[in-house]
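In: Build the 3D model from these lines:
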Amino acid sequence: MASLTALSLGACLIASAGSAPAATGSIFTCTVNGKTFTADRVPPECANSDVREMNRDGSLKRTIARPLTVDEQRARALEAKKRLEEQDKLVAQRRVDKSLLEAYANDEEIEAVRAKSMESSNQLIARANQRLANLTGERKKLDDESEFYKKRVLPDQIKRSYVSIDQQVSAEEKVVSDARAEIRRINERFDAEKKRFRELLAQGARPVQRNPETDILLDPRFSGK
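Out: Got it, this is the predicted structure:
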């Protein structure tokens, strides 16, 4: 009796399975030049178009974007590169901002570091100007001596002295020019730092609490290196 019952139950399950709808997959469709293509896999006509993957009940499962052209791939790569560069700039700017707030408490400290940074260049200019003044005196002596040879050929020694003085003058003038260029760079840097420092304070940022005298003396920019 038990065997008959089991057989009957098995037959019912088989019949029930046979009457259930078969498992179905997705439907893929796209529209190309106003014409719609549909299949149970991506139609070859849709190779360069967006494809909609639909459920059997007609609802949208997902949209498969068309392949990018070479130009589009290049443009997307450039956009990605630009985004990375902008992120890198943002990170770098945040580091600079943090450094400013750690280095300075106010405008006066910025100016103190600026002045310290220019000391070396100012000393170079002062020494070069002194040497130029000395060379001017030496040249004046040569000019006075040359007065005796107005109608005669200058001695070779005097000629060599003129050449030597001219060379030394050129060298000292270059020292002055280079030092002044360095001072311009220093001023540009500290002008930018002060401007950004003030912007940060205006935005609500606050300098890091510290001992100003100790920290300024330890600041590498004070060493002039």
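
In: before we move on, which element is Cys30 in?
Out: For Cys30, the host element (DSSP states H and E) is strand 27-32.

In: which is the next helix or strand following that strand?
Out: Downstream of strand 27-32, the next assigned helix or strand under DSSP H and E is strand 35-39.

In: Determine the set of other helices and strands touching that next one.
Out: Applying 3 or more Cβ pairs under 8 Å, 6 or more residues apart in numbering; DSSP states H and E, one finds that strand 35-39 contacts strand 27-32. To be clear about C-beta, it is placed using only N, CA and C from the backbone, and glycine gets the same treatment.

In: Would you map the strands across the protein?
Out: Along the chain, counting by DSSP state E, strands occupy 27-32, 35-39, 51-54, 60-64.

In: May I see these arranged in a markdown table, with distance to Ile110 and mean neighbour count as well?
Out: Output for the strands of the chain, formatted as a markdown table (distance: least, Cβ to Cβ, whole Å; neighbours: other Cβ atoms under 10 Å):
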| stretch | distance to Ile110 | mean neighbour count |
| --- | --- | --- |
| strand 27-32 | 63 | 17 |
| strand 35-39 | 69 | 12 |
| strand 51-54 | 61 | 17 |
| strand 60-64 | 56 | 12 |
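
In: Including mean pLDDT, could those go into a markdown table?
Out: Formatted as a markdown table, the strands of the chain follow (pLDDT from 0 to 100):
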| stretch | mean pLDDT |
| --- | --- |
| strand 27-32 | 94 |
| strand 35-39 | 94 |
| strand 51-54 | 94 |
| strand 60-64 | 93 |
